[in-house]
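Trainee: Sharing a sequence plus its predicted fold:
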Amino acid sequence: MCHRLAGRYAEAATDIARAVALEDQDLDLAFEHAMVVSCTAGRIEARGLWAAFEALLEEHGGQWDAQARVAAPIISRAALGDGAGAERLVAELPATRPYWQVVDVAMRSLEELARIPGADPALLTALRAPLAELRAALEPGPAAFG
């Protein structure tokens, strides 16, 4: 993730490909792989990875805490172009009482997706607005996503 967040996409792609080859059932790796491909190749090219991530989340969701399991599909639905699904999940998120970090990771991921080829910036802005309000109402706490 550090390479991706620093904009070193070639290094990120190499590292994540190696890691996924060793552990193909890891949610953190599947999420990161989908994000890296989204950032380097665009939304359309990453669709299969986002769909695979959602299937893995369904099967191995116990790898993450409940709040991360609820927030992650907001990102994958947005990446897959399912605005209605992502908006529904954003509306349901406050009821799960998420940690501040979970909301923060979701917001940062949506911000990153807004810059990728094929993104719908208006949708991603609309999804981030209620998340920003929710994040502002929460206190920083335990680590998120993994």
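Mentor: Good, I have the coordinates.
Trainee: residue boundaries of the strands in this structure?
Mentor: With DSSP state E, there are no strands along the chain.
Trainee: now the helices for it?
Mentor: For the chain, the helices defined by DSSP state H occupy 2-5, 9-22, 27-41, 43-60, 66-79, 83-92, 100-113, 121-137.
Trainee: how about low-confidence regions in the chain?
Mentor: Scanning the chain for pLDDT under 70 picks out the ranges 1-10, 141-146.
Trainee: Can you tell me the centre-most residue of it?
Mentor: Nearest to the mean C-alpha position of the chain, by CA atoms, centre = their mean, lies residue 75 at 4.1 Å.
Trainee: Next, the contact list for the nearest residue to residue 44 once chain neighbours are set aside, please.
Mentor: For residue 44, ignoring the flanking residues on the chain, the nearest one in space by CB to CB, 6 or more residues apart in numbering is residue 118 at 5.3 Å. C-beta coordinates here come from the backbone N, C-alpha and C atoms, glycine included. Residues near residue 118 by CB atoms under 8 Å, 6 or more residues apart in numbering: 42-44.
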